[in-house]
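A.B. asks: A structural model of the following input is requested.
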Amino acid sequence: MDLRVYLVVRSFADAEAYLHTKWYARVANREYPSDVSATETDFESHFTVACYDADPAVSGAQLMVLKSEVVCELEGQGINVAEFEEDLCGMARSLVTAAQAQIGRWPRSRAIYGMDVLLVRGPSGRCSPQLLEVNFCPDFTTLIKLGEKEAINEFMGACFTSGLVSERFTRLGDDPGETFPGQKDLDAID
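C.D. replies: Okay, the predicted model is just below:
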């Protein structure tokens, strides 16, 4: 299982970025068995993005789970979801800061990204996010299928206007005076 989380960057000049609070899980279509050798060629037990089947009606199907269901399952396993989401915001903040260091401080550089995140449970039992990949201009089809039709307008408003952002977004570095990790180093570059 991995999570699809959406990130909106309004400006790389001051690292103004937001995470959408409605993430969802993408689940492999077949259970991953304990005998790894039995699944060497079974793509459906390894990949979460597509269903590989000879039947065209089945191929491309994807098993998706709403955030609310994932949260119930994680809490049932004793995982502190609020702590995980704080770590998720911190990871996204670090990503934006790293990108800003590479591309510079572009005030009008706005974009929407899809982040694919794995949940990794450490020895202490704490669950933390592990970034798998980032996609520029992600597909919103899944959000629409999951009943989040208004999300597209929220994303466009958050990304391309200077107005208030929907309450369904979390600002990374919520305190306007808060600096991002490494911000002092970036300021020294200017």
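A.B. asks: now the helices for the chain?
C.D. replies: 67-76, 81-103, 141-145, 150-160, 183-189 (DSSP state H).
A.B. asks: Serialize the ones you listed to JSON lines and add fields for distance to residue 3 and mean neighbour count.
C.D. replies: C-beta coordinates here come from the backbone N, C-alpha and C atoms, glycine included. Compiled in JSON lines, the helices of the chain are given as follows (distance: least, C-beta to C-beta, whole Å; neighbours: other C-beta atoms under 10 Å):
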{"stretch": "helix 67-76", "distance to residue 3": "8", "mean neighbour count": "13"}
{"stretch": "helix 81-103", "distance to residue 3": "8", "mean neighbour count": "17"}
{"stretch": "helix 141-145", "distance to residue 3": "12", "mean neighbour count": "14"}
{"stretch": "helix 150-160", "distance to residue 3": "16", "mean neighbour count": "16"}
{"stretch": "helix 183-189", "distance to residue 3": "27", "mean neighbour count": "11"}
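A.B. asks: Those into TSV, with extra columns for distance to residue 123 and mean pLDDT?
C.D. replies: Converted to TSV, the helices of the chain look like this (distance: least, C-beta to C-beta, whole Å; pLDDT from 0 to 100):
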stretch	distance to residue 123	mean pLDDT
helix 67-76	18	94
helix 81-103	16	93
helix 141-145	33	83
helix 150-160	36	90
helix 183-189	31	42
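A.B. asks: is it possible to export these to a markdown table including distance to residue 133?
C.D. replies: Shown next, in a markdown table, are the helices of the chain (distance: least, C-beta to C-beta, whole Å):
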| stretch | distance to residue 133 |
| --- | --- |
| helix 67-76 | 19 |
| helix 81-103 | 11 |
| helix 141-145 | 16 |
| helix 150-160 | 19 |
| helix 183-189 | 24 |
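A.B. asks: So which of the ones you listed is nearest residue 120?
C.D. replies: Among these, the nearest to residue 120 by C-beta to C-beta is helix 81-103 (10.2 Å).
A.B. asks: The closest one packs against which elements?
C.D. replies: Here helix 81-103 touches strand 2-11, strand 16-20, helix 67-76, strand 111-121, strand 127-136, helix 183-189, going by 3 or more C-beta pairs under 8 Å, 6 or more residues apart in numbering; DSSP states H and E.
A.B. asks: partners of the shortest one in the sheet?
C.D. replies: Paired neighbours of strand 16-20 in the sheet (DSSP bridges): strand 2-11 (antiparallel), strand 169-171 (antiparallel).
A.B. asks: next one: the longest one
C.D. replies: In the sheet containing strand 111-121, the strands it pairs with under DSSP bridges are strand 2-11 (antiparallel), strand 127-136 (antiparallel).
A.B. asks: could I get the helices and strands packed on helix 81-103 as TSV with distance to residue 97?
C.D. replies: As requested, those are exported to TSV (distance: least, C-beta to C-beta, whole Å):
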stretch	distance to residue 97
strand 2-11	11
strand 16-20	9
helix 67-76	25
strand 111-121	14
strand 127-136	13
helix 183-189	7
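A.B. asks: Fine, thanks again, bye for now.
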